[in-house]
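Asks: build me a model from this:
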Amino acid sequence: MTQPGDGDPLHAAPTGVRAALRAVLTFAETRARIAASEFEEQLLRLGEIWAWSVAAVFFFAIALLLGSLFIVLALWDTHRVLAAGLLTMLYLAAGGFSVLMVRARMNARPRFLSVTLGEFAKDKQDLDKP
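Replies: Residues are numbered from 1 along each chain as shown. Next up, the predicted model:
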């Protein structure tokens with residue numbers, strides 16, 4: 001451990017400078033913690049969205065395949081081509097709607113590190129005050 005006056009610039013500095021450095025370090029640590037928290041929150045959110053999306057695609061694909069097969073087989077003797085065409089149109093419409101929903105969800109997400117940037121803006125305003 002260093003003692004005052006043995007070459008450590010922090011201990012050799014006047015008390016006012018040490019207090020200012022401590023305040024700056026505390027400030028930086030607080031902002032870094034906020035940024036890390038936001039980053040973790042965004043990663044968890046994206047991971048959750050990805051997992052639920054994969055599950056939804058998997059189960060809907062199985063349901064659509066079996067449902068389509070059922071309808072086409074039920075109408076096999078009379079209107080099998082019409083049934084297959086209408087089902088295809090339905091799936092295209094559902095896929096388009098899904099793409100729109102994904103885009104809306106991505107656009108509705110909060111701006112990355114918005115809280116941290118907001119805190120920096122407030123700090124800048126506080127420093128500009130006389």
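
Asks: in the protein, which spans are strands?
Replies: Using DSSP state E, the chain contains no strands.

Asks: name the helix or strand of it that has the lowest mean pLDDT.
Replies: Of the helices and strands making up the chain, the lowest-confidence element is helix 9-12, at a mean of 52, by mean pLDDT, DSSP states H and E.

Asks: what number of residues lie near Thr116?
Replies: Thr116 has 19 neighbouring residues, counting by other CB atoms under 10 Å. All C-beta spots, glycine's among them, are computed from the backbone N, C-alpha and C.

Asks: setting the sequence-adjacent residues aside, check what's closest to it.
Replies: Among residues not flanking Thr116 along the chain, Ala35 sits closest, at 4.4 Å (CB to CB, 6 or more residues apart in numbering).

Asks: isn't the one you found up against Phe112?
Replies: No. Ala35 lies out of contact with Phe112 (CB atoms under 8 Å); the separation is 9.9 Å.

Asks: the more surrounded of those two?
Replies: The neighbour comparison of Ala35 against Phe112 (other CB under 10 Å) goes to Ala35, with 17 against 11.

Asks: residues contacting the residue sitting nearest the centre point of the chain?
Replies: Taking CA atoms, centre = their mean, the centroid of the chain lies closest to Gln42, which sits 3.5 Å from it. Gln42 makes contacts with Phe112, as judged by CB atoms under 8 Å, 6 or more residues apart in numbering.

Asks: measure it to Arg31 for me?
Replies: 17 Å (CB to CB, to the nearest Å).

Asks: next: Ser68.
Replies: 54 Å.

Asks: kindly report the same for Val17.
Replies: Taking CB to CB, one finds Val17 at 21 Å from Arg31.

Asks: compare the two (neighbour count), which wins?
Replies: Arg31 (15 against 12).

Asks: what residues are up against that one?
Replies: Residues counted as contacts of Arg31 (CB under 8 Å, 6+ apart) are 116, 119-120.

Asks: try 10 Å
Replies: By CB atoms under 10 Å, 6 or more residues apart in numbering, Arg31 lies in contact with 116-117, 119-120, 123.

Asks: cool, and Asp123?
Replies: 27, 30-31.

Asks: returning to what we had before: how close does the residue nearest to the centre of the chain sit to Leu100?
Replies: Distance from Gln42 to Leu100, by CB to CB: 23 Å.
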